[in-house]
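Visitor: coords please:
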Amino acid sequence: MGYLYIFACIFFTVYGQLAIKWRMNLKGELPAELSEKVIFMLKLFLDPWLLSGFAAAFIASLFWMAAMTKFELSFAYPFMSLSFVLVFFLSIFIFGESFTWGKVFGLLLIIAGIIVTVKL
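Guide: Numbers count the residues shown, from 1 in each chain. Here you go, the predicted structure:
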């Protein structure tokens, strides 16, 4: 059951990142003036999809707390790096973000680090 908590945390973390990026792409850049920034940010909090991204982050934290009852932090935390891998590939497919071999190499290093940390 503990692994389910970790993977649910990863799922909700990734969903939250993608939802926030999706909506921010539609909203445009942060204005330059402070008063416009405040209005811009307040309007963002009225966007239900953006709020779902924040809710997903909260739900992810609940699953993380549950995972902490099952595993040592030093064992469980490296799994959170899988969110980098998922966000990388999903951002390519969903948002058309750039694919580079340097990023792939970095992700392979992250995965290798997870394996070393969990197995040794």
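Visitor: ok, residue 109 - how many residues close by?
Guide: The local packing of residue 109 (other C-beta atoms under 10 Å) involves 11 other residues. From N, CA and C alone the C-beta is placed, and that goes for glycine too.
Visitor: Skipping adjacent residues, who's closest to residue 21 in space?
Guide: residue 95 (6.6 Å; C-beta to C-beta, 6 or more residues apart in numbering).
Visitor: How about the contacts made by the one you found?
Guide: 21-22, 25 (C-beta atoms under 8 Å, 6 or more residues apart in numbering).
Visitor: Can you name every helix or strand that the lengthiest helix in the chain contacts?
Guide: When the chain is parsed with DSSP state H, its longest helix is helix 2-27. Applying 3 or more C-beta pairs under 8 Å, 6 or more residues apart in numbering; DSSP states H and E, one finds that helix 2-27 contacts helix 34-44, helix 48-68, helix 82-95.
Visitor: what's the closest of the ones you listed to residue 3?
Guide: Of all these, helix 48-68 sits nearest to residue 3, with 8.3 Å by C-beta to C-beta.
Visitor: CA atoms of that closest one as PDB?
Guide: Output in PDB follows, covering the C-alpha atoms of helix 48-68 (Å, rounded to 0.1, in the frame of the first residue of the first chain):
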ATOM      1  CA  PRO A  48     -11.200  26.500 -11.800                       C
ATOM      2  CA  TRP A  49      -8.500  24.500 -13.700                       C
ATOM      3  CA  LEU A  50      -5.800  26.500 -12.000                       C
ATOM      4  CA  LEU A  51      -7.400  25.900  -8.700                       C
ATOM      5  CA  SER A  52      -7.600  22.100  -9.500                       C
ATOM      6  CA  GLY A  53      -3.800  22.300  -9.900                       C
ATOM      7  CA  PHE A  54      -3.400  23.700  -6.500                       C
ATOM      8  CA  ALA A  55      -5.900  21.200  -5.100                       C
ATOM      9  CA  ALA A  56      -3.800  18.400  -6.700                       C
ATOM     10  CA  ALA A  57      -0.700  19.700  -4.900                       C
ATOM     11  CA  PHE A  58      -2.600  19.500  -1.600                       C
ATOM     12  CA  ILE A  59      -3.900  16.000  -2.400                       C
ATOM     13  CA  ALA A  60      -0.400  15.000  -3.300                       C
ATOM     14  CA  SER A  61       0.800  16.200   0.100                       C
ATOM     15  CA  LEU A  62      -1.800  14.000   1.800                       C
ATOM     16  CA  PHE A  63      -0.600  11.000  -0.100                       C
ATOM     17  CA  TRP A  64       3.000  11.900   0.800                       C
ATOM     18  CA  MET A  65       2.100  12.100   4.500                       C
ATOM     19  CA  ALA A  66       0.600   8.600   4.200                       C
ATOM     20  CA  ALA A  67       3.700   7.300   2.400                       C
ATOM     21  CA  MET A  68       5.800   8.700   5.300                       C
END
